[in-house]
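Undergrad: The sequence isn't on hand, but the structure is:
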């Protein structure tokens with residue numbers, strides 16, 4: 001089921017302690033807001049609007065670098081106005097589905113999103129929520145108990161909250177001036193809309209206080225999975241004055257023969273990433289029978305694989321490429337190759353390895369009839 005999303009990332013997080021706005025801080029090595037974007041994109045969001053504080057679009061661009069199908073807009077003085085600005089930026093008809101989510105709830109999962117989408121098949125609105133399990137006490141204003149509250153029928157609202165776009169916009173328009181809704185569901189309730197309660201997730205707690213970050217760090221490790229793919233490619237030598245390997249041009253007394261630029265290193269690494277995400281091989285995406293790829297730069301192939309991975313909310317953890325040839329000598333170009341691969345993979349150079357070996361004169365590589373490359377890539381995806 002297609003949907004769009006608004007992610008509210010305009011707060012200042014004053015109660016979260018020092019370290020800046022909580023949505024831009026890191027959680028398990030990645031910005032807090034990125035966790036939500038990755039989950040929404042992996043679930044199939046076609047369009048995500050990230051609402052930031054005015055002037056903070058640069059922070060969003062840095063935190064979400066490499067992710068597709070998102071854009072930033074400036075928020076307002078209140079959360080409600082920020083959501084309204086995000087809705088205004090969305091495209092779609094009145095029946096389009098929109099999920100509104102707080103960036104400060106990073107541990108969003110695809111099953112939770114799917115539960116909301118299923119609920120919208122029979123209700124105009126739905127929210128994630130948890131029934132209250134703890135006994136509720138009312139204080140007397142002086143640090144002592146004044147009474148016990150009845151928790152029957154009470155739920156803790158979470159986000160995302162899901163609605164038809166037209167209905168949510170209408171609920172905003174009908175809200176009285178001067179009053180502030182606590183969430184989108186309160187708007188819908190006041191407008192007479194039936195809002196379904198959908199099973200939430202205890203891990204989807206909002207990051208509000210410093211201790212919340214410590215708990216989220218412990219939970220974050222179970223919210224991701226690592227997959228590994230491998231690739232292999234070989235090309236024969238032909239007429240020419242140089243070869244392209246791992247995105248770096250190298251002078252040589254021969255060229256490499258291939259439909260594209262015959263960069264065996266990039267081809268093998270592309271296949272490794274495609275294999276890790278179960279997307280076939282390079283020939284499925286860029287068939288040699290297609291004239292569009294004649295003499296094409298293999299950068300495009302690897303970038304395509306990385307974008308497929310990012311679209312599923314994933315990223316490359318590390319890559320290891322081995323080039324198999326007698327000549328040209330790889331060592332003088334190894335660092336340039338690592339830097340180029342890191343750029344294409346959107347990873348630090350320290351996460352990229354390029355090695356070279358020979359076959360001691362054996363086989364086609366040993367006879368200098370051609371060269372080969374093998375690659376292994378580890379990627380991280382939402383669990």
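TA: Done, it's in. Quick caveat: nothing in here was measured; it's all calculated off a predicted structure.
Undergrad: Any regions of the stretch 201-350 of the chain where pLDDT drops low?
TA: 221-223 (pLDDT under 70).
Undergrad: Where do the helices of it begin and end?
TA: Counting by DSSP state H, counting those that start in this stretch, the stretch 201-350 of the chain has helices at residues 210-220, 264-276, 282-285, 299-311, 334-345.
Undergrad: check contacts around residue 93.
TA: 165, 166 (C-beta atoms under 8 Å, 6 or more residues apart in numbering). Any C-beta I mention is one placed from the backbone N, CA and C, and that applies to glycine too.
Undergrad: out of the helices of the stretch 201-350 of the chain, which comes closest to residue 154?
TA: helix 210-220 (21.5 Å; C-beta to C-beta).
Undergrad: other SSEs contacting the closest one?
TA: Counting contacts by 3 or more C-beta pairs under 8 Å, 6 or more residues apart in numbering; DSSP states H and E, helix 210-220 packs against strand 26-27.
Undergrad: Distance from the strand it packs on to the middle of the chain?
TA: 14 Å (C-alpha atoms, centre = their mean, to the nearest Å).
Undergrad: for stretch 305-319, same thing?
TA: On C-alpha atoms, centre = their mean, the centre of stretch 305-319 falls 8 Å from the chain's centre.
Undergrad: cool, stretch 75-88 as well?
TA: For stretch 75-88 - counting by C-alpha atoms, centre = their mean - the centre lies 23 Å from the chain centre.
Undergrad: for the record, mean pLDDT for that stretch?
TA: Stretch 75-88 carries an average pLDDT of 94.
Undergrad: who's in contact with residue 175?
TA: 80, 181, 187, 190 are the contacts of residue 175 under C-beta under 8 Å, 6+ apart.
Undergrad: how far away is the second one from residue 53?
TA: When distances are taken as C-beta to C-beta, to the nearest Å, residue 181 and residue 53 turn out to be 20 Å apart.
Undergrad: what do you get for the third one?
TA: Spatial separation of residue 187 from residue 53 under the definition C-beta to C-beta is 22 Å.
Undergrad: These two: who's more crowded?
TA: residue 187 (26 against 18; other C-beta atoms under 10 Å).
Undergrad: in which helix or strand would I find the closest residue in space to that one that isn't next to it in sequence?
TA: The shortest distance from residue 187 to any non-neighbouring residue, by C-beta to C-beta, 6 or more residues apart in numbering, is to residue 171 (4.1 Å). In this structure, residue 171 sits in helix 165-174 according to DSSP states H and E.
Undergrad: Rounded mean pLDDT for that helix, please.
TA: On average, helix 165-174 scores 93.
Undergrad: for it, packing partners?
TA: Partner elements for helix 165-174 (3+ C-beta pairs under 8 Å, 6+ apart): helix 79-89, strand 97-102, helix 184-190.
Undergrad: The shortest one pairs with which strands, and in what direction?
TA: To tie it back to what came earlier, the one meant is strand 97-102. With DSSP bridges as the test, strand 97-102 is paired with strand 4-9 (parallel), strand 155-164 (antiparallel).
Undergrad: Start and end of stretch 197-214, how far apart?
TA: 29 Å (C-alpha to C-alpha, to the nearest Å).
Undergrad: now what about that stretch, what contacts it?
TA: By C-beta under 8 Å, 6+ apart, stretch 197-214 touches 13, 15-17, 22, 25, 27, 32, 102, 104-109, 112, 115-116, 119, 126-130, 155-156, 158-159, 215-216, 219, 223.
Undergrad: try it again with 7 Å
TA: The contact list for stretch 197-214 (C-beta atoms under 7 Å, 6 or more residues apart in numbering) reads 15-17, 22, 32, 102, 104-105, 107-109, 112, 115-116, 119, 126-130, 155, 158, 216, 219.
Undergrad: Give me the ChimeraX select line for these, limited to the buried ones.
TA: Buried residues among the contacts of stretch 197-214 (16 or more other C-beta atoms under 10 Å), as a ChimeraX selection:
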select :16,22,32,102,104,105,107,108,109,112,115,116,119,126,127,128,129,130,158,216,219
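Undergrad: Leaving out sequence neighbours, find the closest residue to residue 316.
TA: Per C-beta to C-beta, 6+ apart, closest to residue 316 is residue 345, 4.6 Å.
Undergrad: Run through the residues that contact the one you found.
TA: Shown in contact with residue 345 (C-beta under 7 Å, 6+ apart): 306, 316, 319, 352.
Undergrad: how far away is it from residue 34?
TA: In terms of C-beta to C-beta, residue 345 sits 16 Å off from residue 34.
Undergrad: ditto for residue 289
TA: From residue 289 over to residue 34 (counting by C-beta to C-beta), the distance is 38 Å.
Undergrad: Neighbour count: the two, which is higher?
TA: residue 34 (24 against 7).
Undergrad: I'd assumed residue 62 was in contact with that one.
TA: No: contact criterion C-beta atoms under 7 Å: residue 34 and residue 62 do not qualify, at 10.1 Å.
Undergrad: Now do the same contact list for residue 108.
TA: Per C-beta under 7 Å, 6+ apart, neighbours of residue 108: 35, 36, 39, 101, 204.
Undergrad: Would you reformat the residues you listed as JSON lines and include neighbour count?
TA: Listed next are these as JSON lines, based on neighbours: other C-beta atoms under 10 Å:
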{"residue": "35", "neighbour count": "23"}
{"residue": "36", "neighbour count": "28"}
{"residue": "39", "neighbour count": "23"}
{"residue": "101", "neighbour count": "26"}
{"residue": "204", "neighbour count": "20"}
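Undergrad: Cool, thanks, signing off.
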